[in-house]
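Undergrad: following is a predicted model, sequence given first.
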Amino acid sequence: MVLDLTFVRAQFPAFDSPVLSTHAFFENAGGSYPCRQVIDRLTRFYHHRKVQPYAPYPGSELAGAEMDEARTRLGAMLGVARDEVSFGPSTSTNTYVLAQAVRGWLQDQGAAIVVTNQDHEANSGVWRRLADEGVEVREWQIDPQTGSLDPADLQRLLADGRVRLMAFPHCSNVVAEINDVAEISAMAQAAGARTVVDGVSYAPHGFPDVAALGCDAYLFSAYKTYGPHQGIMVLREGFGMELPGQAHFFNQSVLYKCHTPAGPDHAQVAACAGMADYVDAIAAHHGVSGDAAARGRVVHDLMRAAEVAVIAPLLDYLAGRNDLRLIGPRRAEDRAPTVAVALDRAALPVAEALGREGIACGGGDFYAVRPLAAMGVDAAKGVLRMSAAHYTSQDDVARLIAALDRAL
């Protein structure tokens, strides 16, 4: 089975936009295009549901029902209970709130946590600041040449049994290597540690089966998974109810509320059900049946296969140049289609030149200051980042390669 790209691109109004369609879009790691199903739900909510939800009159009842639907359907697709799915204004905010809960939970004298230097700063800095409370922070360091994390190094960090939590990315937003979350979570949990996974750079490339990953928390951003600007946090009940609540005292017994200190954006929460609509539309178009989790797994694999095929020519092209350094794995199968390269010059002017050539991409550090520094990348130059998604076409990649030839 091969993903039908014509059908997929028809689900995204951006490809018909007189503004957005002029460029081949390679800035997906910064935020994907929203799908039609999300836009339709958001529009409907603002037209017909924009009142305080859960009150006993029609518009309010419909508003509450659509918010509940989003949590129910996303939970089913991700393989978790509906109450294990909560929303916040961003993943950075959700991670910050979770870290405050962990701050109160880590009462053991001599407790330690593990972070990596492969992360986006939003999933690293908040955990590192727990050192201010006397928590020992241990760093699982990447290989300075490859950017990879070695499980043998993690085993040594966990060996004394004092680690209570570890935070790591499903994949980095610049290295892009896909980490084995299930293996890492099993290692950590065997040593008595909870695991928090930053899925922001992975989830856009196929919604994960969180239950199969075995982690205690998984966070990602809806605006990178074809949805509105919301952060989504999957917090497994066994961990979430252990933590001191961060919301109103009367919400402490409700898992999806107790770590959401501010009221969610009702319209955007409701619109998130459109992401499940989109996955179901792909499944139906390709003849995929089964329950929501099964459909999600097949669509995940369709998305990944399409991305591997489309990004391989770009990796081949970059490997053939001697004036840049490809960050992360050489093989498309081992990585997300987020491709960062260090150049012999500043990256941002090159991104600007590509913009004039009809290519949308970016240059800079992308808040990945620690991994770039660990790999010896000059912070003043940054990296050129070109990020695809499952809706990226072969023609888009051909245009990018031709533009790179001219810009470099």
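TA: Sure, I can see it. Numbering: from 1, shown residues only.
Undergrad: how about the strands in the stretch 151-300 of the chain?
TA: Listed in chain order, the strands of the stretch 151-300 of the chain (DSSP state E, counting those that start in this stretch) span 163-169, 194-198, 217-221, 231-235.
Undergrad: so which of the ones you listed gets nearest residue 390?
TA: Nearest to residue 390 among these is strand 217-221 (15.6 Å), distances taken as Cβ to Cβ. For the C-beta atoms, the positions are set from N, CA and C on the backbone; glycine is no exception.
Undergrad: redo the strands of the stretch 151-300 of the chain as a markdown table? Include mean neighbour count.
TA: Listed next are the strands of the stretch 151-300 of the chain as a markdown table, based on neighbours: other Cβ atoms under 10 Å:
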| stretch | mean neighbour count |
| --- | --- |
| strand 163-169 | 25 |
| strand 194-198 | 26 |
| strand 217-221 | 26 |
| strand 231-235 | 25 |
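Undergrad: save these as CSV, and put in distance to residue 268 and mean pLDDT too.
TA: CSV is the format used below for the strands of the stretch 151-300 of the chain (distance: least, Cβ to Cβ, whole Å; pLDDT from 0 to 100):
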stretch, distance to residue 268, mean pLDDT
strand 163-169, 24, 97
strand 194-198, 21, 98
strand 217-221, 12, 98
strand 231-235, 10, 98
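Undergrad: of all these, which one is nearest residue 2?
TA: strand 217-221 (25.8 Å).
Undergrad: can you lay out the strands of the stretch 151-300 of the chain as a markdown table showing distance to residue 19?
TA: A markdown table is the format used below for the strands of the stretch 151-300 of the chain (distance: least, Cβ to Cβ, whole Å):
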| stretch | distance to residue 19 |
| --- | --- |
| strand 163-169 | 32 |
| strand 194-198 | 31 |
| strand 217-221 | 23 |
| strand 231-235 | 27 |
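Undergrad: got any ranges where the stretch 1-150 of the chain has weak pLDDT?
TA: Scanning the stretch 1-150 of the chain for pLDDT under 70 picks out no residues.
Undergrad: strands of that one, start to end?
TA: 24-25, 85-88, 112-116, 136-140.
Undergrad: so which of those gets nearest residue 51?
TA: strand 85-88 (18.5 Å).
Undergrad: so how far is that closest one off the chain centroid?
TA: 14 Å (Cα atoms, centre = their mean, to the nearest Å).
Undergrad: what helices and strands are in contact with that strand?
TA: helix 58-78, helix 91-105, strand 231-235, helix 255-258 (3 or more Cβ pairs under 8 Å, 6 or more residues apart in numbering; DSSP states H and E).
Undergrad: and it, C-alpha only, in CSV?
TA: Provided in CSV are the C-alpha atoms of strand 85-88 (Å, rounded to 0.1, in the frame of the first residue of the first chain):
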residue,chain,number,x,y,z
VAL,A,85,-5.1,13.3,27.2
SER,A,86,-4.9,16.9,28.3
PHE,A,87,-4.5,20.2,26.4
GLY,A,88,-2.5,23.4,27.1
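Undergrad: out of the strands of the stretch 151-300 of the chain, which gets nearest to residue 301?
TA: strand 217-221 (18.1 Å).
Undergrad: tell me the strands beside that closest one, with direction?
TA: Strand 217-221 has the following strand partners under DSSP bridges: strand 194-198 (parallel), strand 231-235 (antiparallel).
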